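# The following comprises the amino acid sequence and a computationally predicted model.
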Protein chains: 2
Amino acid sequence: MQTVALERAEDNMSVTIKDIAKKVGVAPSTVSRVINGNTVISRKTKDRILAVMEEMDYHPNSLARNFASGNTYAIGLVIDARDEQTFSNTFFNRSVYAIETVSQNFGYSLLITNDREEEKQSAVEKMVFEKKVDGIILPSTSAAPKLIRLLKKQKFPFIILGEPGIEKAETSWVDINNAAGSEMAVKSLAKTGYKKIAFIVENRTTVFSVKRMEGYQKGLSEVGYPFKEQYIQDCMENTDNAFLITKSLMDYLDAPDAILCGNNVIAYQVLRALKELGLSVPGQIGVMTFDNYPFAEYMDPPLSAVDVDTFSLGEQAATNLIRKIQNADYENQQTLISTKLLLRESTNK
Amino acid sequence: MQTVALERAEDNMSVTIKDIAKKVGVAPSTVSRVINGNTVISRKTKDRILAVMEEMDYHPNSLARNFASGNTYAIGLVIDARDEQTFSNTFFNRSVYAIETVSQNFGYSLLITNDREEEKQSAVEKMVFEKKVDGIILPSTSAAPKLIRLLKKQKFPFIILGEPGIEKAETSWVDINNAAGSEMAVKSLAKTGYKKIAFIVENRTTVFSVKRMEGYQKGLSEVGYPFKEQYIQDCMENTDNAFLITKSLMDYLDAPDAILCGNNVIAYQVLRALKELGLSVPGQIGVMTFDNYPFAEYMDPPLSAVDVDTFSLGEQAATNLIRKIQNADYENQQTLISTKLLLRESTNK
DNA sequence: GCAATTAATGCAAACGTTTGCATACTTATA
DNA sequence: TATAAGTATGCAAACGTTTGCATTAATTGC
């Protein structure tokens, strides 16, 4: 009878599994089994139940469902954004998009939390202890050894975004293949005919800069170029420095004829400095940057870039995490996402 | 005894409120009341309970808590990202950062879902019907009349991000004051001495473009400039068009001496076209853009911009939503966030 | 046609809280 | 000293599912 549904709707009480069961003349457990579809229910019963569910406008109550099953059907994504700036990072966003997509496909909700350091209790620990999610994805910068140990002890599924500092082999993580990225950058520049390649990094102490510098050196040695200490320069987080750095680099007796930049903003400052010096790009000097965002293609000249597939990064992370959640002894996996070269005007000698 | 906690830990069973109660020699309800802090419990009992909670490393189980209380203590943020592109929008991200911050401050989790159109059942409806969140924030583009009606009927708390097309007065929403933004842009350009101001919009059919065009006209009339139909140009979503549009604009007998752009990429194309035409900015022509991101300040010359405080946007939305959740008859509110003018080289005649 | 096997469904406990109501214990009031 | 008015705590139901085990019904094998 429609009335039941109506009455329910009026007192704002939801239709429950019991209502369906009563109406169909079956046990609540049977209804439950139809919903979960993990047991064989006769075609006839199943159809009747489904029909009544439709008729009464039934929607499972996830509060109850999660409680009874002990799962949240949610995954947590930890962000270590100290400020808006970090949060607005395009890099991050495309990964999030991927993570959201995968989660939704698997029927999981995505819970996002900023791991503010000031907090009394870390937002991450809270997520874990209070069972707010079934597993978490966390950036390596948030993956303090203490936290990792805790997660492992609790057998709590987690994936690290970026290669972790410790226990590389005993944790699951996904990272961009930064080393291969700069290696291919160097090789491409060399192939185009540039002979002296400098590299301006954002901050040489970060894990990914270290990897990039490794790849840079490897690239040099593979093409037979000598490695020069002064060709590696560090902005130390302040991208404005790149402007001055470029000027002094070009002042060397042995000035470079190509510059690889750690990000778009660095590259912009480099272009600005080169213009001031009256040097033509790509003719007299080549410029290449890491990342295609936010504006590599809009620069003058458009910048060649080592593009990083952040969508895949997030996709892999989420997929692995969900596998881990659903299968407790799913083995740890380490994944490196390949980079891609986007050749544009700025290195087209 | 430590052993209890240890045993628990070993079988991976969590400590519950009952364990605490038993240990302290008190009823579970008393422990619950201490946790929730909404009833007066004698100082003595409270302290003992807190001590034992600490000792046994108790953490409330939110699955049970949510179920019993009927709340999720989570808010949902709906994104209408058809593709990665939209998702990576900086605009959006700073709002999300704000929303996350507010949620966390109020003890709410933040659940993010992409409202994919293809889905059988809309992700939003699912959130609502299955009680996955206590309230939602949704962009006006996702706020179809049908959905609005549903939410109102269910008395489900929601806030719209951006002025909605219908029921403006009967819903809560937060928007950027786009009209005031272009009005102040026009006035500023006029004050600097520019006489003929054109406006290139992204897509004239969107709600926010309509508002911006309104403000543009209002600004013109306030400074006593005539409105010319051909001074409003539409990229129709393809920002590359801005390049050609600029060239033909400057071809008019009555060419503009200032161009207001709908976003940074449009502005970039405008600059490129002007450079090709050999026109100097800001000397012969002024350029101003909406949005300070992603690269207004890095352009050549650095672009004056109508900056939009997307942090406030998110902050207001989240705060209002949580108020609404906690107080069912909290009245609907409409908020417009003011824009701010960032004057740089590109309009410094 | 009967036992053995398999398929379909029912029963009832359990999940860990919250919360309305009842009760016991204090303290103030007359 | 009895009574009223708090104050602090206990009792037990309820929240809507899931799930192990029991039971019944249907099918198969001989």
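Arrived safely, thanks for sending.
# Return the residues of the stretch 51-200 of chain A in contact with chain B.
Residues of the stretch 51-200 of chain A lying close to chain B (CB under 8 Å from any CB of the partner chain) are A:59-64, A:66-67, A:70, A:72, A:74, A:79, A:81, A:84, A:87-90, A:93-94, A:96-98, A:100-101, A:104, A:109-114, A:116, A:123, A:129-132, A:155. Where you see a C-beta, it was placed from the backbone N, CA and C, and this is true even at glycine.
# In strands only, show me the residues you listed.
Within those, membership in strands is found for A:74, A:79, A:109, A:110, A:111, A:112, A:113, A:114, as judged by DSSP state E.
# Which of the residues you listed are buried? Put it as a ChimeraX command.
Listed next is the ChimeraX selection for buried residues among these, using 16 or more other CB atoms under 10 Å in any protein chain shown:
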select /A:74,79,109,110,111,112,113,114
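# can you redo the ones in strands among the residues of the stretch 51-200 of chain A next to chain B as a markdown table with pLDDT and distance to DNA strand D?
As requested, these are exported to a markdown table (pLDDT from 0 to 100; distance: CB to the nearest atom of the strand, whole Å):
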| residue | pLDDT | distance to DNA strand D |
| --- | --- | --- |
| A:74 | 97 | 15 |
| A:79 | 88 | 31 |
| A:109 | 96 | 15 |
| A:110 | 97 | 20 |
| A:111 | 96 | 20 |
| A:112 | 94 | 25 |
| A:113 | 93 | 26 |
| A:114 | 90 | 31 |
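# Nearest to DNA strand C among the ones in strands among the residues of the stretch 51-200 of chain A next to chain B?
Taking CB to the nearest atom of the strand as the measure, residue A:74 is the one of those closest to DNA strand C, at 17.2 Å.
# does residue A:346 count as helix, strand or coil?
Following DSSP: H, G, I helix; E, B strand; the rest coil, we place residue A:346 in the helix state.
# That one: what's it in contact with?
A:271, A:281, A:282, A:286, A:287, A:288, A:299, A:301, A:302, A:303, A:304 (CB atoms under 8 Å, 6 or more residues apart in numbering or on different chains).
# Closest approach to DNA strand C from the stretch 51-200 of chain A, which residue is it?
Counting by CB to the nearest atom of the strand, the stretch 51-200 of chain A gets nearest DNA strand C through residue A:68, at 3.9 Å.
# which ones are touching that residue?
So residue A:68 contacts nothing (CB under 8 Å, 6+ apart).
# Tell me how far it lies from residue B:270.
60 Å (CB to CB, to the nearest Å).
# How many residues are close by the residue in the stretch 101-250 of chain A positioned nearest to DNA strand D?
Nearest to DNA strand D, among the residues of the stretch 101-250 of chain A, is residue A:107, at 12.0 Å (CB to the nearest atom of the strand). By the measure other CB atoms under 10 Å in any protein chain shown, the count of residues near residue A:107 is 9.
# my read: it touches residue A:75, true?
No - at 10.9 Å, residue A:107 does not count as touching residue A:75 under the criterion of CB atoms under 8 Å.
# For the closest residue to residue A:223 other than its chain neighbours, give me its contacts.
Nearest non-adjacent residue to residue A:223, counting by CB to CB, 6 or more residues apart in numbering or on different chains: residue A:190, 4.1 Å away. Each residue near residue A:190 by CB under 8 Å, 6+ apart is listed here: A:197, A:219, A:223, A:225.
# Kindly report the same for residue A:110.
So, once contact is read as CB under 8 Å, 6+ apart, residue A:110 ends up touching A:74, A:75, A:77, A:99, A:100, A:103, A:104, B:111, B:112, B:113.
# Please identify the one among the residues you listed that lies nearest to residue A:332.
residue A:75 (17.2 Å; CB to CB).
# how close does the residue of the stretch 101-250 of chain A closest to DNA strand D sit to residue B:134?
21 Å.
# What of residue A:348?
Residue A:348 is 55 Å from residue B:134, by CB to CB.
# Please apply the same query to residue A:161.
Taken as CB to CB, the span from residue A:161 to residue B:134 is 29 Å.
# out of those two, which sits in the more crowded spot?
Between residue A:161 and residue B:134, counting by other CB under 10 Å, residue A:161 is the more crowded of the two (28 against 22).
# Show me where the stretch 1-150 of chain A has its helices.
A:2-10, A:17-24, A:28-36, A:43-55, A:62-69, A:84-87, A:90-105, A:123-129, A:145-153 (DSSP state H, counting those that start in this stretch).
# Which strands or helices does the longest one pack on?
This means helix A:90-105. strand A:74-79, strand A:109-114, helix A:310-326, helix B:84-87, strand B:109-114 (3 or more CB pairs under 8 Å, 6 or more residues apart in numbering or on different chains; DSSP states H and E).
# what is the orientation angle of the last one with strand A:74-79?
Think strand B:109-114. 100 degrees (axes from the mean of the first three to the mean of the last three CA atoms, to 10 degrees).
# do the same with the third one
Angular relation of helix A:310-326 and strand A:74-79 on a 0 to 180 degree scale: 140 degrees, by the same axes, to 10 degrees.
# does chain B sit close to helix A:310-326?
Yes - contact of helix A:310-326 with chain B (CB under 8 Å from any CB) involves residue A:311.
# Highest neighbour count among the contacts of residue A:190?
residue A:219 (26 neighbours).
# My read is that that residue contacts residue A:179, right?
No - contact status for residue A:219 versus residue A:179: not in contact, 9.3 Å apart, counting by CB under 8 Å.
# give me the residue from the stretch 201-349 of chain A nearest chain B.
Across the stretch 201-349 of chain A, the shortest distance to chain B (CB to the nearest CB) belongs to residue A:294, at 3.7 Å.
# okay, now residue A:227: neighbour count?
12.
# In terms of helices and strands, where is it?
Following DSSP states H and E, one finds residue A:227 outside all helices and strands.
# contacting residues for it?
A:217, A:220, A:221.
# quick one, strands of the stretch 101-250 of chain A?
A:109-114, A:135-139, A:158-161, A:173-176, A:197-201, A:232-234 (DSSP state E, counting those that start in this stretch).
# Mind putting those into TSV with distance to residue B:316?
Output for the strands of the stretch 101-250 of chain A, formatted as TSV (distance: least, CB to CB, whole Å):
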stretch	distance to residue B:316
strand A:109-114	18
strand A:135-139	28
strand A:158-161	31
strand A:173-176	36
strand A:197-201	39
strand A:232-234	40
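# Now residue A:288: closest residue in space that isn't a chain neighbour?
residue A:304 (4.6 Å).
# who touches that neighbour in this structure?
A:188, A:286-289, A:341-348.
# ok, 7 Å please
When contacts are counted by CB atoms under 7 Å, 6 or more residues apart in numbering or on different chains, residue A:304 touches A:288, A:342, A:343, A:344, A:346, A:347.
# Dump those residues to TSV, plus pLDDT.
Shown next, in TSV, are the contacts of residue A:304 (pLDDT from 0 to 100):
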residue	pLDDT
A:288	98
A:342	98
A:343	98
A:344	98
A:346	98
A:347	98
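# Any idea how many residues pack against the closest residue to DNA strand D within the stretch 201-349 of chain A?
As assessed by CB to the nearest atom of the strand, DNA strand D sits closest to residue A:326 within the stretch 201-349 of chain A, at 12.5 Å. By other CB under 10 Å, 13 other residues sit near residue A:326.
# again, but for residue A:268
Using other CB under 10 Å: residue A:268 sits among 26 other residues.
# Let me know the helix or strand that it is in.
helix A:264-276.
# continuing past that helix, what's the next helix or strand?
Following helix A:264-276 in sequence, per DSSP H and E, is strand A:286-290.
# Who are the packing partners of that following strand?
helix A:178-192, strand A:258-261, helix A:264-276, strand A:304-308 (3 or more CB pairs under 7 Å, 6 or more residues apart in numbering or on different chains; DSSP states H and E).
# wait, isn't residue A:345 in contact with residue A:299?
No - contact criterion CB atoms under 7 Å: residue A:345 and residue A:299 do not qualify, at 8.9 Å.
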